[in-house]
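In: pasted the sequence and its predicted model underneath.
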Amino acid sequence: QVQLVESGGGLVQPGGSLRLSCAASGHTFSVSTNAMGWFRQAPGKEREFVTHISRSGGNTYYADSVKGRFTISRDNAKNTVYLQMNSLKPEDTAVYYCNSREITWSWGQGTQVTVSS
């Protein structure tokens, strides 16, 4: 099984930036052979897809709501996936989670992102 630990969240003003990290431990071999994704859950809403990245990192896909503002990347040597978030908006406020693209593993604790002035 893989354990996922998200970090890097915080309070930021609209227009600001944050960089989230997702570190995997446990059966680390599985992480490098999986497409990985970021998901988020806003208060009172269901968890939603944000972005995913292919195993090699060569292909990415974004939800329309974050396209052009967020960038996903990965470092397979470090078993880590990143999410660079720029031009943040209040509607980006949520708990952010990572998982395989197919949501193979148990969810981690997530990291809270709050965008507010």
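Out: Arrived safely.

In: find the centremost residue of the chain, please.
Out: Most central in the chain under CA atoms, centre = their mean is residue 38, positioned 3.2 Å from the mean C-alpha point.

In: do you know how far that one is from residue 84?
Out: Residue 38 sits at a distance of 11 Å from residue 84 (criterion: CB to CB, to the nearest Å). C-beta here means a position set from N, CA and C on the backbone, and glycine is covered the same way.

In: related to what we said a few turns ago, so what's the residue nearest to the centre of the chain closest to, chain neighbours aside?
Out: residue 50 (4.4 Å; CB to CB, 6 or more residues apart in numbering).

In: just the pLDDT at the one you found, thanks.
Out: Looking at residue 50, its pLDDT is 98.

In: just the element for it, please.
Out: strand 48-53 (DSSP states H and E).

In: chain center to that strand, what's the gap?
Out: Taking the mean of its C-alpha atoms, strand 48-53 sits 7 Å from the chain's own mean (CA atoms, centre = their mean, to the nearest Å).
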